[in-house]
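>>> need coordinates for the below:
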Amino acid sequence: MRIAVTYENGMIFQHFGHTEQFKLYDVENGHITGTQIVDTNGQGHGALSGFLAEHKAELLICGGIGGGAQMALKEVGIKLYGGVSGDADEAVDAFLSGKLAYDADVKCSHHEHGHSCGEHHCGEEKHGHSGN
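Presented below is the predicted three-dimensional model:
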């Protein structure tokens, strides 16, 4: 199994659509057998589900994530564990031991004003919207 985590400086990055890196964990028989950090190369929001699929991720641990991105992940068969914060390695260890605290109904608070991450191109900017 391959687990992906939104990643920044050892921590779980809190906005899926703006993550610049993922840490990938290869897991066999409940143990981590390898890790790597991959750059998203500026891809954002909906494109990230394809990026994760290309890297053979089966599961994503992240902080906030919008509805459009959630649907995109579901379409490529990636299971979502959102609403998680803290140290990335500790979160994966918690998942593997069945103790990961996550929010099954996570919403991206950045997008509470009526649109989801998958319907615009705010991945091209750091924060806020330019009206695209």
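>>> could you export the lowest-mean-pLDDT helix or strand in the chain as CSV, CA atoms only?
Across the helices and strands of the chain, mean confidence by mean pLDDT, DSSP states H and E is lowest for helix 46-54: a mean of 90. In CSV, the C-alpha atoms belonging to helix 46-54 read as follows (Å, rounded to 0.1, in the frame of the first residue of the first chain):
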residue,chain,number,x,y,z
GLY,A,46,-8.2,18.7,-9.1
ALA,A,47,-4.9,18.0,-10.9
LEU,A,48,-3.5,16.7,-7.6
SER,A,49,-5.7,13.6,-7.6
GLY,A,50,-4.2,12.6,-11.0
PHE,A,51,-0.7,13.3,-9.6
LEU,A,52,-1.4,11.0,-6.6
ALA,A,53,-2.8,8.3,-8.9
GLU,A,54,0.3,8.5,-11.1
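>>> in this structure, which spans are helices?
46-54, 67-75, 88-96 (DSSP state H).
>>> next, the buried residues of the second one.
Okay, so that is helix 67-75. Gly67, Gly68, Ala69, Gln70, Ala72, Leu73 (16 or more other CB atoms under 10 Å). (Glycine included, C-beta is placed from N, CA and C.)
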